[in-house]
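# Starting from these lines, generate the structure:
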Amino acid sequence: MSSLTANRPAPSEPAAAGKRKRFTVDALFTDHRPQAVGVADLPTAKEIRLDRIEPDPDQPRRSFDQTKLEELAASIRIEGVLQPIAVRYDAARDTYVVLHGERRWRASRLAGLEAIPAIVREVPEDRRLIQQLMENIVRDDLNAVDRAAALRALKTQLGDAPWEQVAEAVGVRRSRLFQLLGTEKLPDAAREDIRAGRLSEKQSRALQGLTPAGQEALRAAIVTDNLPADEAMRLSRALRAVPLPDPEDVAAAVAALSDLRVAAPGPIPANRNLSGAVVAEDPAGALLAALTAAASGGRAERVALGRAADAAGAAPYDADRLRSEVLALARTLARAPEADLRPGGVAYGALAALCGALDALLETGG
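Now for the predicted structure:
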């Protein structure tokens with residue numbers, strides 16, 4: 001008996017008697033399912049009525065494509081808002097202000113939603129613009145003109161900090177920052193084209209360094225025919241080599257550009273048209289060059305010819321007037337000194353240009 005008793009295991013300690021496991025209130029509400037492992041709830045996640053939210057008046061984006069907004073609204077009607085927006089609470093006005101996601105907020109209103117999922121964040125004022133810029137630059141959906149304006153505003157907000165510090169603050173290269181800032185030097189029409197998506201930032205680089213007239217002529221050609229960026233840059237280099245007498249003369253720039261577009265790659269002399277004839281450096285010469293280019297070119301050259309004619313004050317087509325002016329020219333030439341009509345004479349360049357333009361026009365049947 002004693003040996004059996006000795007081999008019997010000792011009775012367990014009554015540990016549970018005074019040390020029962022305790023459950024806290026938090027433990028009662030803890031999600032113990034497998035999918036909850038490593039997951040925490042966000043106390044700032046809300047669903048907020050759209051009428052309690054307003055856009056940030058200082059945010060970088062200044063333009064929204066209505067067609068794309070309507071497409072997003074159609075998607076939201078089907079699938080809902082797939083990604084919450086970010087907002088901050090303005091206690092003074094008891095409203096929520098959009099930090100990120102204004103397009104989704106606008107599209108949700110178009111879709112007829114009453115509320116939108118949102119994450120409420122408290123972002124210091126000096127960090128809001130930086131965060132908004134960083135999001136738009138990373139996602140590359142903010143046009144270059146608005147981006148440049150926001151970068152300049154950020155420079156001011158940072159106490160007129162050096163551009164290197166501004167680039168570092170938003171995480172972009174210094175060279176990229178100056179590419180964006182280059183859009184500020186463009187004319188108003190070009191900046192509006194960039195905002196509207198008609199002109200890309202890469203295409204717009206071809207306009208930099210041109211005269212005002214050259215910028216307008218090349219901008220119109222790029223937008224009208226959607227010229228590739230490399231072709232636009234080639235034409236820009238060629239146009240810079242053309243010594244236009246008046247940097248504000250758009251008609252002359254249009255005529256020169258039209259000549260360049262139908263010529264062989266590379267710049268051509270400024271005082272010659274496609275036939276090789278010398279063109280007088282005056283409105284008449286510019287109009288003749290545009291006529292030659294339109295007869296041999298395409299839609300862009302026709303548009304350029306119309307602009308050159310408007311700039312020269314040309315009257316609407318009239319067959320009787322055309323006939324009388326041709327006869328008047330013939331009578332004038334009959335009285336012209338022979339020396340003026342020879343190569344090097346004062347009238348030779350204009351007449352050679354007219355001859356080339358008429359040949360090109362008649363060959364295409366008008």
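
# and stretch 171-191, how far apart are its ends?
Taking C-alpha to C-alpha, to the nearest Å, the first and last residues of stretch 171-191 lie 24 Å apart.

# Let me fix that, I meant to ask about stretch 227-247.
For stretch 227-247, the end-to-end distance is 23 Å (C-alpha to C-alpha).

# and if you look at stretch 97-104?
Taking C-alpha to C-alpha, stretch 97-104 runs 13 Å from one end to the other.

# per-domain residue ranges of this protein.
Here the domain parsing of the chain from automatic domain parsing is 45-123, 130-183, 188-315+332-363.

# who wins for proximity to R33 among those domains?
Nearest of those to R33, taken as C-beta to C-beta: domain 45-123 at 19.2 Å. Backbone N, C-alpha and C define where each C-beta goes, glycine included.

# and among the domains of the chain, the most buried is which?
Ranked by mean neighbour count, the domains of the chain are led by domain 188-315+332-363 with a mean of 18 (mean count of other C-beta atoms under 10 Å).

# can you redo the domains of the chain as CSV with distance to L322 and mean pLDDT?
Listed next are these as CSV, based on distance: least, C-beta to C-beta, whole Å; pLDDT from 0 to 100:
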stretch, distance to L322, mean pLDDT
domain 45-123, 45, 88
domain 130-183, 45, 79
domain 188-315+332-363, 10, 74
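
# Dump those domains to CSV, plus distance to V37.
Below are the domains of the chain laid out as CSV (distance: least, C-beta to C-beta, whole Å):
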stretch, distance to V37
domain 45-123, 20
domain 130-183, 30
domain 188-315+332-363, 46
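
# which SS state does L244 fall under?
Secondary structure for L244, judged by DSSP: H, G, I helix; E, B strand; the rest coil, is coil.

# Over to it: give its phi and psi.
With angles defined as degrees, to the nearest 10, L244 sits at phi -70, psi 130.

# what do you get for V81?
Backbone torsions of V81, given as degrees, to the nearest 10, read phi -80, psi 110.

# same deal with the one 5 residues further on?
Backbone torsions for A86, taken as degrees, to the nearest 10, come to phi -120, psi 130.

# State the distance from it to V123.
Taking C-beta to C-beta, to the nearest Å as the criterion, A86 is separated from V123 by 8 Å.

# any residues in contact with both of these two?
L99 (C-beta atoms under 8 Å, 6 or more residues apart in numbering).

# coming back round to it: quick one, which of the domains of the chain is nearest to S324?
S324 lies closest, by C-beta to C-beta, to one member of the domains of the chain: domain 188-315+332-363, at 12.3 Å.

# Let me know whether D90 touches Y96 as I believe.
Yes - with contacts counted by C-beta atoms under 8 Å, D90 reaches Y96, the gap being 7.2 Å.

# Report the contact partners of I194.
Residues near I194 by C-beta under 8 Å, 6+ apart: N143, A144, V145, T183, L186, S200, E201, S204.
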